[in-house]
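> Turn this into a structure:
(chains A and B)
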2 protein chains.
Amino acid sequence: MTNTAELDVTGIGHAIVDVIAQAKDGFLALHQMDKGAMMLIEEDRAESIYGDMGPGVEASGGSAANTMAGLASLGGKAAFIGKVRNDQLGDVFAHDIRSIGVTFDTEAATDGATTARCLILVTPDAQRTMNTFLGAAAEFSADDVDEDLIKAAQVTYLEGYLWDREAAKAAFLKAAKAAHAAGRKVALTLSDAFCVDRHRDSFRDLVDGHVDILFANEDEIKSLYQTDTFDSALQLVRGKCEVAALTRSEKGSVIVAGDEVHVIDAEPVDKVIDTTGAGDQFAAGFLYGLTNGYGLARAGRIGGIAAAEVISHLGARPETPLQELVKQKLG
Amino acid sequence: MTNTAELDVTGIGHAIVDVIAQAKDGFLALHQMDKGAMMLIEEDRAESIYGDMGPGVEASGGSAANTMAGLASLGGKAAFIGKVRNDQLGDVFAHDIRSIGVTFDTEAATDGATTARCLILVTPDAQRTMNTFLGAAAEFSADDVDEDLIKAAQVTYLEGYLWDREAAKAAFLKAAKAAHAAGRKVALTLSDAFCVDRHRDSFRDLVDGHVDILFANEDEIKSLYQTDTFDSALQLVRGKCEVAALTRSEKGSVIVAGDEVHVIDAEPVDKVIDTTGAGDQFAAGFLYGLTNGYGLARAGRIGGIAAAEVISHLGARPETPLQELVKQKLG
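The predicted model follows:
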């Protein structure tokens, strides 16, 4: 990819603030939560849980937003488009993502649902139980797509989670068309095997018709093509888009682009603490490599380094500047 | 590959009998052995160790011979060419390989070194310390190449270990030329990273000029192309021969053939008991698949199933009929 754009990547996704607090097992029982699971909840339930929670730590999150944070940490130029409400958590989200150097201009909603939050209860056994209220993030629509940010970026990166709502689908297609009209590339992450399961046919159409760079983990790509083995999914995705970057946890990643196929080992990790955000950071590293003129093999390795960093600690955004880590490891 | 040949594969390699006995650590110390290592030894040392060893179990071995045994266990039609002496261990080798249905006609030497043996000491910690006396096996020469067996087989399979001796190299080239002249394929296994290290340039020439199907594990292919990552070795071997089947232990295998690339997962194994023979049995399964008209992906899976069987027990040849195992797993 040639770098004539002002931005490397513009990401579009859910703007979510994570609210993390410690809790005893009894708290989960009281609120009928399944330990370790992620549940989508409505606002009244979010308020009720939040009211009962102990003192929390707020940290901006969201899959594509995490990827843009990783891109900035690598020294890349990133923007994010996503919906918050003009409330306190909305301010937190905007502050955090801007403070790390990511352009974020999406207008906050002045009415409707409040800013999305993911209430995370950490029990004494270190398990994370998540309750996500999508709120304003789910009201994202075509009107929120800032075409200038799309045109300015080499790649527009779409978070598959948004595909759950019709208005967000329309926004996706608008963004993809604007990107292609400007001679830019469109990337998609499938986000979640259940999400793929809910929207298999339309995801396939999206991949066939609008996506240049596809990110998927092993479960997601198997679900997309309804097949049991990684290799058969690999054969099926080949040729469907310009580049497919398939992540396989400790098995590393496989990158397919036309005739090119790369089998990249996972970076060694001393101890895996929290796998949240591994896929998001792989995408950050890979897109950084691609938009900064490295080949597919090196882009895959940068992705692996970013993913290894984020699973070595709690939380879904990098703690060590990724730019330095990559320099250390790859020179 | 179309099956117009009488045989699927003719293997050429060292004809070795394994002699396995239990030993205490003190025995290893007394005979100055490094626990867990494989050492090449001369006949007088072999006699001296054997004289001191406790009661042993004899089992025919040798890398390519093990592969032919696997092929027979899969229901394939195999022959083996390799040199024994007309002595007791030579009789054991010939008996064993014929009894499982592999054609073995190489004339036993009537003078010179005795039949090759690998003296294996199993210490109470289950480690195997190996002492290989190559004897008659290393005297294999072009005169021993039975061109009828080469012409009769779809594939001639060469064991890289033989490449250590000039006379065996000449035999290899004679076999490769005879195979190609008859419109057949030539396969090679690199056998050992140290072996590759000793003969890197001539192995590269062999691969470039004479080999259609290459087998190598990760260490071997990295050593062949003097590179640090699996992916760069993969890129370098691509296009050098018709098919490269690269094995990666618990990471499975990668098969490259022109435009086709397959990433095959390892078969699950309850408990790894002894990894000896994993590469030999992978080659057996893969060659069986290829010569019986299956595609590369299925051939790779059969290789994985055969390798998984052999690492689940002591010893380098299958204990469960592989044909049944494959039927169970792949239908």
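
> what's the distance between the residue nearest to A:Gln127 when sequence neighbours are not counted and chain B?
In this structure, A:Gln127 finds its nearest non-sequential neighbour in A:Gly36, 5.0 Å apart by C-beta to C-beta, 6 or more residues apart in numbering or on different chains. The C-beta positions use only the backbone N, C-alpha and C, and glycine is treated the same way. As defined by C-beta to the nearest C-beta, to the nearest Å, A:Gly36 lies at a distance of 24 Å from chain B.

> ok, now A:Gly285?
Distance check for A:Gly285 against chain B: by C-beta to the nearest C-beta, it reads 15 Å.

> list the contacts for that residue?
The contact partners of A:Gly285, taken as C-beta atoms under 8 Å, 6 or more residues apart in numbering or on different chains, are A:70, A:74, A:299, A:301-307, A:322, A:326.

> cool, and A:Val196?
Shown here is A:Val196, whose contacts under the criterion C-beta under 8 Å, 6+ apart are A:160, A:190, A:203, A:220, A:223-224.

> What subset of those is buried?
Burial by neighbour count, 16 or more other C-beta atoms under 10 Å in any protein chain shown: within the contacts of A:Val196 this picks out A:160, A:190, A:203, A:220, A:223-224.

> now for those, which pair is the farthest apart?
Among the buried ones among the contacts of A:Val196, the pair separated by the greatest distance (C-beta to C-beta) is A:Gly160 and A:Ser223, at 11.3 Å.

> A:Thr227 contacts A:Leu236, doesn't it?
Yes - taking contacts as C-beta atoms under 8 Å, A:Thr227 lies within contact range of A:Leu236: 6.7 Å.

> what ranges of chain A fall below the confidence cut-off?
Confidence mapping of chain A against pLDDT under 70 gives the ranges A:1-4.

> Narrow the contacts of A:Val196 to those in helices?
Among the contacts of A:Val196, the residues falling in helices (DSSP state H) are A:203, A:220, A:223-224.

> Distance to chain B for those residues - can I get that in CSV?
Listed next are the ones in helices among the contacts of A:Val196 as CSV, based on distance: C-beta to the nearest C-beta, whole Å:
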residue, distance to chain B
A:Phe203, 22
A:Glu220, 16
A:Ser223, 17
A:Leu224, 17
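
> Show me which residues of chain A are close to chain B?
Residues of chain A lying close to chain B (C-beta under 8 Å from any C-beta of the partner chain) are A:229-232, A:234-235, A:251, A:254, A:256, A:259, A:261-265, A:297, A:300.

> ok, 6 Å please
Taking C-beta under 6 Å from any C-beta of the partner chain as the criterion, chain A approaches chain B at residues A:231, A:234, A:254, A:261-264, A:297.

> between those, which is closest to chain B?
Closest to chain B out of these is A:Val261 (4.0 Å), distances taken as C-beta to the nearest C-beta.

> Tell me if I'm right that that closest one and B:Asp259 touch.
No - in this structure A:Val261 lies outside contact range of B:Asp259 using C-beta atoms under 6 Å: 9.3 Å.

> Identify the residue spatially nearest to A:Glu267, adjacent ones excluded.
A:Ala308 is the one closest to A:Glu267 (C-beta to C-beta, 6+ apart), at 3.8 Å.

> for whichever residue of the stretch 51-200 of chain A sits closest to chain B, what are its contacts?
Each residue of the stretch 51-200 of chain A has a distance to chain B, by C-beta to the nearest C-beta, and the smallest belongs to A:Ala193, at 17.4 Å. Shown in contact with A:Ala193 (C-beta atoms under 6 Å, 6 or more residues apart in numbering or on different chains): A:219-220, A:223.

> re earlier: the residue nearest to A:Glu267 is in what secondary structure piece?
Applying DSSP states H and E as the criterion places A:Ala308 in helix A:296-310.

> same for that helix, what does it pack against?
Helix A:296-310 sits against strand A:253-257, strand A:260-264, helix A:278-291, helix A:322-330, with contacts defined as 3 or more C-beta pairs under 6 Å, 6 or more residues apart in numbering or on different chains; DSSP states H and E.

> Make sure A:Phe140 is actually in contact with A:Lys83.
Yes - using C-beta under 6 Å, A:Phe140 is in contact with A:Lys83, at 4.2 Å.

> gap between stretch A:320-331 and the chain center?
Computed by C-alpha atoms, centre = their mean, to the nearest Å, the separation of stretch A:320-331 from the middle of its chain amounts to 21 Å.

> in the helix holding A:Ala308, what's buried?
In helix A:296-310, counting by 16+ other C-beta under 10 Å, buried: A:296-310.

> Would you mind listing the residues in contact with the residue lying closest to A:Lys222 once chain neighbours are set aside?
Using C-beta to C-beta, 6+ apart and skipping the chain neighbours, the partner closest in space to A:Lys222 is A:Ala233 (5.0 Å). Residues near A:Ala233 by C-beta under 6 Å, 6+ apart: A:221-222, A:225, A:227.

> now do A:Glu58
The contact partners of A:Glu58, taken as C-beta under 6 Å, 6+ apart, are A:17, A:19, A:92.

> for A:Asp18, same thing?
In this structure, A:Asp18 makes contact with A:59, A:61, A:118, A:120, judged by C-beta under 6 Å, 6+ apart.

> Repeat that for A:Asp143.
Shown in contact with A:Asp143 (C-beta under 6 Å, 6+ apart): no residues.

> That one should be in a helix, yeah?
Yes - membership of A:Asp143 in a helix is supported by DSSP: H, G, I helix; E, B strand; the rest coil.

> ok, it to A:Thr106 distance?
Here the criterion is C-beta to C-beta, to the nearest Å. By it, A:Asp143 lies 10 Å from A:Thr106.

> Repeat that for A:Ala216.
Counting by C-beta to C-beta, the separation of A:Ala216 from A:Thr106 is 26 Å.

> With A:Tyr50 instead?
Taking C-beta to C-beta as the criterion, A:Tyr50 is separated from A:Thr106 by 24 Å.

> Between the two, which is the more surrounded one?
Ranked by neighbour count (other C-beta atoms under 10 Å in any protein chain shown), A:Tyr50 and A:Thr106 place A:Thr106 first, with 19 against 15.

> contacting residues around the helix or strand where A:Val186 lies?
Counting by DSSP H and E, the secondary-structure element that holds A:Val186 is strand A:185-189. Outside of strand A:185-189, the residues within contact range by C-beta under 6 Å, 6+ apart are A:155-158, A:160, A:176, A:179, A:210-215, A:283.

> Let's have those residues in CSV, adding secondary structure and distance to B:Ala65.
Rendered in CSV, the data for these read as follows (DSSP: H, G, I helix; E, B strand; the rest coil; distance: C-beta to C-beta, whole Å):
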residue, secondary structure, distance to B:Ala65
A:Val155, strand, 54
A:Thr156, strand, 58
A:Tyr157, strand, 54
A:Leu158, strand, 56
A:Gly160, helix, 52
A:Ala176, helix, 58
A:Ala179, helix, 59
A:His210, helix, 55
A:Val211, coil, 51
A:Asp212, coil, 51
A:Ile213, strand, 49
A:Leu214, strand, 46
A:Phe215, strand, 46
A:Ala283, helix, 49
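
> And those, which of them are buried?
A:155-158, A:160, A:176, A:179, A:210-215, A:283.

> Serialize those to JSON lines and add fields for distance to A:Ala79.
Shown next, in JSON lines, are those (distance: C-beta to C-beta, whole Å):
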{"residue": "A:Val155", "distance to A:Ala79": "11"}
{"residue": "A:Thr156", "distance to A:Ala79": "10"}
{"residue": "A:Tyr157", "distance to A:Ala79": "10"}
{"residue": "A:Leu158", "distance to A:Ala79": "13"}
{"residue": "A:Gly160", "distance to A:Ala79": "19"}
{"residue": "A:Ala176", "distance to A:Ala79": "16"}
{"residue": "A:Ala179", "distance to A:Ala79": "13"}
{"residue": "A:His210", "distance to A:Ala79": "20"}
{"residue": "A:Val211", "distance to A:Ala79": "19"}
{"residue": "A:Asp212", "distance to A:Ala79": "18"}
{"residue": "A:Ile213", "distance to A:Ala79": "17"}
{"residue": "A:Leu214", "distance to A:Ala79": "21"}
{"residue": "A:Phe215", "distance to A:Ala79": "18"}
{"residue": "A:Ala283", "distance to A:Ala79": "15"}
